[in-house]
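K.L.:
show me the folded form of this:
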Amino acid sequence: METEKEVQEIKERLTNVENQLQQKRRSSGLLQFLIGFVVVFLLLLISIGVIHFISSSSS
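P.N.:
Numbers count the residues shown, from 1 in each chain. Model (predicted):
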């Protein structure tokens, strides 16, 4: 009887750990997307600035 209780507690703990791991995966995926978006946006702004600088200095 006591071993069944221990097994049930271990199953519950495992379920909790699995749920926490899934939540971390979701949040890390969102974080990676946001970081990628910011990097691409900054590169776009820098590229526009360089092109504008080159075109204005040629005139």
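
K.L.:
now do the strand or helix carrying residue 33: which elements does it pack against?
P.N.:
In this structure, residue 33 is located in helix 2-58 according to DSSP states H and E. For helix 2-58, there is no helix or strand it packs on, judged by 3 or more CB pairs under 8 Å, 6 or more residues apart in numbering; DSSP states H and E. Quick note: C-beta positions are derived from backbone N, CA and C, even for glycine.

K.L.:
so how far is that helix from its chain's centroid?
P.N.:
0 Å (CA atoms, centre = their mean, to the nearest Å).

K.L.:
tell me the average confidence for stretch 11-30?
P.N.:
On average, the pLDDT along stretch 11-30 is 83.

K.L.:
from here on, count from 313
P.N.:
That works, and once the first residue is 313, the last one we named lands at stretch 323-342.

K.L.:
ok, residue 344 - contacts?
P.N.:
Going by CB atoms under 8 Å, 6 or more residues apart in numbering, residue 344 touches no other residue.

K.L.:
so how far is residue 337 from it?
P.N.:
11 Å (CB to CB, to the nearest Å).

K.L.:
now do residue 321
P.N.:
For residue 321, the distance to residue 337 - CB to CB - is 25 Å.

K.L.:
again, but for residue 322
P.N.:
23 Å.

K.L.:
residue 323: neighbour count?
P.N.:
Residue 323 has 10 neighbouring residues, counting by other CB atoms under 10 Å.

K.L.:
should've said residue 350
P.N.:
Neighbour number of residue 350 under other CB under 10 Å is 10.

K.L.:
can you check residue 337 too?
P.N.:
Other residues within reach of residue 337, judged by other CB under 10 Å, total 10.
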